Each structure stands twice: as structure tokens, then as C-alpha cells.
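Participant: structure, please.
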Amino acid sequence: MRRLNVLGCLVVAGMLMGARAQELPRPPEGGRVFPEWQALRDDAGVRKTLLPMAGTPQATWDAAGYVRLPVNFKGTRHARVNWDVRTKVDLRGSRGIQFDFYCRELEPFTSFSVYFRSGDGWYHASFCPDRAGVWQRIEIDKADTRVEGKPAGWGQVDAIRVSGWRGRDLDTLCAMANLGFAGGTPQVLVVRADSNVAGSGGEGKSFSRYAWTVSSTFDRLGIDSVQVADTDLAPDLFEGIKLVVLPYNPRIPATAVEHLRAYVAGGGKLLVCYSLPAEIGKLLGLRATGSVVAEPTYFMGFARTVQGLPAQPDFVKQASWRTTLAAPLEGQSARVLAVWRDGQGNDTPHPALTLTPAGAFMGHVWFGGGVEGLALMRAVAGEIVPDIWQKSAEQALARIGTIGGAADFAAFCAAVEAMRPSQEARDALAKSVAARDEAAKHLAAKRWHESLKASGEADDAARRAWFLTRKSRPGEHRAFWCHSAFGLPGKNWDESIRFLKEHGFTAIQPNMLWGGTAYYPSKVLPVYEGLAERGDQVEQCVAACRKYGVACHVWKVNWNMSNKAPKAFVKRMVREGRVQKLFSGEVQDSWLCPSHPANQDLEVASMVELVRMYKVDGVHFDYIRYPDGNSCFCDGCRTRFEAKLGRRVAQWPQDTRRDEEVRSAWLAFRRAGIDTVVRRVAQEARAIRPSVQISAAVFRNWPLDRDNVGQDWGMWCEQGWLDFVCPMDYVDSNVAFRNMVSTQKTFAGKVRLYPGIGLSCWKNPQDAVKLAEQIEVTRELGLSGFTVFNYDANAEAVLPWVRLGTTAD
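Facilitator: Predicted coordinates:
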């Protein structure tokens, strides 16, 4: 026996030595590396600085100047590998961090994450290498992070966690080098409203989202920006800053106001969106005079006035639902650059964009937009800070043709020629070359506006050439989720479905009901307020789908009442004990409890009645899960769970996490309530019409999500309750998307897999190239369709591009 143990030790030791012996390429030279990382010299230093989490192997040092990160997914169960880098670093004035990363194989992972620990919370962002077996520089922009818990600010970061999430049960090796500061010298500072997050509920995500939208817009314009929390503002952070943007800041800390006041007094400029607190209004020379809600639908966008800027587009689409009104303070001047255009195409008297000597005010939050939106932001920023024009023109010229993996214009031209382009594609390429030459001449002559115009023409022509080389695949399922119950902004359902059909798509999944609202004359749910005026939206959508030959799978947001349900209905749900309660005891009055039998009946009845009332092609689940692991722990859940368990839970709800027997039973109990609804809808809907299709939008990683949120969708597929499933793979990285979908094929089994492509969630929500690339990934993996989120103004801008090739047939 002892001999076997010795032999086993020798085998393990040999494996470890073999892993250490695998030589990797030397990493590139670093930039501004953190001192703690710079000091690493041996394994002892690595053990002190990089702490592995439970189940994760210890990192080791390599003399070539990097840290080896062994990955052990084979034969293990942990969801991810994690290493915490101990480092005290002030990131307030930095764009973020950067490091060089190596991954021998990418298949074992669905994605990677970076977490910044600060105080009692974290900042979190995702990343994914583009290729395996090479060093790649990874940049994590603070603008791309979201807040978890209550972080103490970017100046108080004391650990950086690097995580790789399990995709397949395979071992591999990663490596990391040169962890340090990212970014150059920013001209724009974006103030994120971190002080507003606590106690804001679901609104908390909005503060990060709109700050991210503004930051990504400047990034696309080629203008360096830095994002700073309102709790972190300090005088030194304004050095070199030409423009400060407040993207959505309802409340601003007093110290931040003082810093902004000093900045403006020193000649600094502001761009303020939507919220106009009195103290900020004074800095701009404006005062808020009220607000207007867009009725009966959204505003269509920014309509240029006669006082508009020379480089400002005549009209920029943005489906805003309300606006803050502002007027000049006594003795101050202001110039209205744009007003809101209403849903009927008429220009309203309501200012959408106002210029003052101290900056500008936008009546609503900034959505980003496409080419026209970029032009508007560039015109406004350039008027406030003229230096921006040169940098923007230089970046626009440099970015022509950097699509489809091409590093520069020459590589792009070679790639197009290699595709054996049609004559139409060759003509477009020639036009791009000519326009690019013209843009370069204007740039050399410092004619910024003319150079930008020519660069835009060159880029459009290059994109046209690229799309004309893409191939289509007839007969596949091409669907869009549509979150609006009314179709595209400014269009009715007939116009919306016709546009979808004309651009090669075959199905729509319109969001027609929520946990407490229906956009049709429901017998079981409260109906929306505009039913009498605007009519039955399901009926209108189904009629248009029948007319144009498009499949209609009506989408329900399950359990979540959002802010759409009538207040009386929500109060009744609360009174009857039918809403969720967090682990902390806080009542969530907008979420129905999935274990409550009456709520299950309501979910089932509302989806089944659609099949009974309309000739829909299918019904589609969404939010068919718990929000997260912190709910639901209401009194009803406890009573029902203890009845199922057959005994009382001594410490509620703590024992559902620390007592393994109770925890296992609790997770099964949570899944059972969700499973019941899916099973019953499938059975009852098919009993009415056997041909109806049942589908669901689901989280990406079934083995984890069945426990984390009670969403056992792999089992639903196995049981045949679903006809197709749509994992929400909303990632910018094509590599991460491919890895996720490859893994999900095994989860779905024989059920059709139509992966969700997150167009509206990307940094550029009008990235038609990425949309085409991810569609091509689904085809390369042998799938017969895909689903895109979301059918909105961004989709309107993108579809004409993909129609040139990707969806031509």
C-alpha cells in the first residue's frame, strides 16, 4: 500500500512539473505596472500576493516575468476559478486597469470576470480573450463595470479578483503579466452617480448604464474619457479635463458640488443630462421649470432648430419617454439647439438640447444612437470644447475599415479581395479608397469638418463592401425580441412587421404581458391604461404577422410586475402575501412569489389564454426564474417549504445556506415552483392547439442557474416542455459567444437552440458587423436559427446592412 502511495505522489509530482515545464511565449513589455505586481520575483511572493479561492489551484511564478494560473475544471464542481490580487491602488483618475493575459485553450470557459473590492462592495466587469495560445492585452474600463454591494469608491480598491467561469470540464493553463493602470490623458470626465445607488432599488442600474452610454459614445468618437464616481471627485481629478458630463445624477454630494463649482469658475464646461438639481442649474445658468411625459407614446428624437450648430444633424432618433424642461436664470442667456419631435412626427415646443456659456443641458438621458447620434454628440462637445474636433477627425480616419478583424485599412482591403467580391462590392471598395484619400487631404489641411465628412463616407462604403461579401442561409429561424408592446418607435405593428420581413427576418417575440399587466383584453391580468384608445396590441401584431408571413411568439415577463401594474393590483398582491421577500427581510413589492399557488395559477392562466384567444405561433417565457439567490424568503415560502421538508427549519432563513441538507432541499423546492409553471403551460397550451410552440429566454449557464435562480431549463428541454430555447448570450466578444453556444448545445439536447444575440446591450448598439459575425457563429456551430435583442431604433439602423448579405435570402 505504501508503494502505491509513493507511486501516486510521484505521478502527481510529475504532472505538476510537467505543467510548470510547459513554456509559454514571453509576455510583452508592461506599461504603468502596479508596485505590488512589479515586486513579484518568486513563488513565495506570488503566494503572498495572489490568493486562490476555494477549489482553485495556487498560482506560481515563471522566471520569464509572468504568473501561471492553472485551471482545474476536470473532475471538479466549482463554478469558476478565482485569484485575488492583493493590491492597494487608487483608480479614481485612471480609466481603469490593463494586463497581459494568456489562455492555452478557451473552450473550458464561458467568460472571464474582473472584480475590484472596495469597502463593503465590488465593481465588476467581464472580458474575453480573442484567441488562444497568445498573449493579449486586456483593458478593463471603469465605465464598463457595474456596482455590487456598497463599494467605498475607486480610491479604496484593496483587491482585484480575476475569475474564469466554467464552460466545459476541461483543464487548461492561463497566465497573467503586467497588471497596472490603463488609459492615456482624458479630456472628458463622466461623473457616475454612485451615491444614488443605495436605496434606489432597480433604478440603481440606471446610474451605471447611462454613465456607460456616455463614456462609450466618447470612446466611439475617439475622445479619451474617464469615469469617476461622484463620491470620489477631488480637485486633482479635474486637471486637463475639458468637459465634465453628468449623465444621470438626481442627487449630488455637497462636496462634489463644491468641486464642480470650482471647476466651472476656472473655465470648465458641463454637459448635464435629464436631472437638473438647483445647484447644478446655477452653474449652467439654467433652472428646471418642470417635466413633460411623452403622450401617447415616446418622443421620436432630437429635431434641429434654426439656432442649431453647423455640424448638427437635422434629426437624431431617440425614443425618450419624458423630458425635463429648463429655462435661463434671470440675466443669463441660452440657445435651444434641438426640440423634441413627437410620435406623430411633429416638432414640439419642448427643448431637447440647450446651450449656455457654461455648457449644455439635455432634457433626457443619452441613449447613444448610431452615426447620427455620434454626430450630434460630437457637434455639441466640439462647440463646447473646440479642441475635440482635431482628435475626433484623426480617430475617424484611423478607424476606416477596422472591421471584421482587420487591423487597418490595408488589411481590410486585402480581406475583401480574398472573398472574391462581386462587382458591386468592388465598386464600394473603390469608393471607400477614394473617400479615405480625400479625408486624409482635409486632415492634413486642418479642415476637421470636411475630413470627418469624408471619413464617414469612406467608412460607409467600406462597410457596404464587407457586407456584400457575406453569405446568407435560407430557411433559418431569424427572430427579434421586441420589448415594446407597440412595435418600432413611431411605427404601428403593420409597419414594424413589414420592415422586419423586408430585411429577411422570419419571427417576432413581442412583449405583450408582464406579471401584472396585459396589452390586450385579458380576462386574468389588469389591462394597460391605453387599451380603449390604442387597442388590442396582440391582435394588431398577429394580424400583421399573418399578412407578411412572420411567426409570432408572444413574450411574457413572468413574476415581475415592474412599474407597469396598476397600484391597486400591486397593493392587493402585497396584502395577500403574494410578493417576494429578500433574505434580509426586505419586501420586493414588484415581484410575485413563484412558490405561491395563486401566483402559479396566474402565470399559467395568462399564457394559456393567449393560445385560446389568438392564433399565435407560440408563447415565450422570460424571467421564468427567481431574480437571484437572495429571494424569495417570504412567510409563505417558509410554510410551504417546511411542509415539503416535513419539519421546522430552526434558523430561518440562515439554515437554507449553512445546513447542507436544508440547502439541497431548498434549492429543489425553488426549482419545483418554476418547473410547475413551465410544465403546466406546455401541457395546457398544447391541449388547446397541439401545434403551438413553447419557448423560453434563459440564463446562459444551466448547471449553475438551476441552483442560483431556480431555472432548470436543461431539464425542461429533456422533458420536451420547450420547443426551442433562447439563452441570453449578450456578450460583445465573438469568442465568448462561440464558447457559450457550443456548451449550450449539449444542454438543449434535441430541442432547437436559437441563441440570444445582445445587439442592444453592446457598447455600440448599432454594430451591424458584430451582429453578422455572431449570426455566422450560429451557422458554423450547426444551428438553425438565432434571436436578437432588441427590436428598436437600433435595429432599424442595423437591418439594412445585414440585408446586403447575411439575411439576403
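
Participant: quick check: Pro755 touching Asp729?
Facilitator: Yes. Pro755 lies in contact with Asp729 (Cβ atoms under 8 Å); the separation is 5.1 Å. Heads up, the C-betas are built off the backbone N, CA and C, glycines and all.

Participant: which residues are in contact with both of these two?
Facilitator: Residues touching both Pro755 and Asp729 (Cβ atoms under 8 Å, 6 or more residues apart in numbering) are 737, 740-741, 744.

Participant: which one (most neighbours) among the residues you listed?
Facilitator: Of all the shared contacts of Pro755 and Asp729, the most densely surrounded is Met740 (27 neighbours; neighbours counted as other Cβ atoms under 10 Å).

Participant: quick check: longest helix in this protein by residues?
Facilitator: helix 660-688 (DSSP state H).

Participant: packing partners for whichever helix or strand comes after that one?
Facilitator: Once the chain leaves helix 660-688, the next helix or strand it forms, by DSSP states H and E, is strand 693-698. Of the remaining helices and strands, those touching strand 693-698 by 3 or more Cβ pairs under 8 Å, 6 or more residues apart in numbering; DSSP states H and E are strand 551-557, strand 618-622, helix 660-688, helix 713-719, strand 724-729.

Participant: state the mean pLDDT of the last one.
Facilitator: Taken as a whole, strand 724-729 has an average pLDDT of 98.

Participant: over to the third one?
Facilitator: Taken as a whole, helix 660-688 carries a mean pLDDT of 98.

Participant: could you check how far that helix is from the centre of its chain?
Facilitator: Distance of helix 660-688 from its chain centroid, counting by Cα atoms, centre = their mean, to the nearest Å, is 29 Å.

Participant: report the buried residues of that helix.
Facilitator: By neighbour count on 16 or more other Cβ atoms under 10 Å, the buried set for helix 660-688 is 662, 665-671, 673-678, 680-682, 684-686.

Participant: verify the stated contact: Pro800 with His503.
Facilitator: Yes. The pair Pro800 / His503 is scored as a contact, 6.8 Å apart, by Cβ under 8 Å.

Participant: these two: who's more crowded?
Facilitator: Neighbours of Pro800 and His503, each counted by other Cβ under 10 Å, are more numerous for His503; the result is 18 against 13.

Participant: backbone phi and psi for the more buried one, please?
Facilitator: Note on His503: backbone dihedrals following degrees, to the nearest 10 are phi -110, psi 20.

Participant: would you mind measuring from it to Arg478?
Facilitator: 9 Å (Cβ to Cβ, to the nearest Å).

Participant: shared neighbours, the two?
Facilitator: Each of Thr807 lies in contact with both His503 and Arg478 under the rule Cβ under 8 Å, 6+ apart.

Participant: centre of the chain to the host helix or strand of Tyr210, how far?
Facilitator: Element membership for Tyr210 (DSSP H and E) is helix 204-220. Mean C-alpha position of helix 204-220 versus that of the full chain (Cα atoms, centre = their mean) differs by 11 Å.

Participant: could you look up the SS state of the nearest residue to Thr305 once chain neighbours are set aside?
Facilitator: Ranked by Cβ to Cβ, 6 or more residues apart in numbering and with sequence neighbours excluded, the top spatial neighbour of Thr305 is Val336, at 5.5 Å. Secondary structure, DSSP: H, G, I helix; E, B strand; the rest coil: Val336 is strand.

Participant: next up, the contacts around Val336.
Facilitator: Taking Cβ under 8 Å, 6+ apart, we find Val336 in contact with 305, 307, 351, 353-355.

Participant: please repeat the previous calculation with a cut-off of 10 Å.
Facilitator: Counting by Cβ atoms under 10 Å, 6 or more residues apart in numbering, Val336 touches 305-308, 326, 349-355.

Participant: including pLDDT, neighbour count and distance to Arg436, could those go into CSV?
Facilitator: Output for these, formatted as CSV (pLDDT from 0 to 100; neighbours: other Cβ atoms under 10 Å; distance: Cβ to Cβ, whole Å):
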residue, pLDDT, neighbour count, distance to Arg436
Thr305, 98, 16, 33
Val306, 98, 5, 34
Gln307, 97, 13, 34
Gly308, 97, 21, 29
Ala326, 98, 24, 41
Pro349, 97, 9, 42
His350, 98, 19, 40
Pro351, 98, 23, 38
Ala352, 98, 26, 34
Leu353, 99, 28, 31
Thr354, 98, 25, 36
Leu355, 98, 21, 33
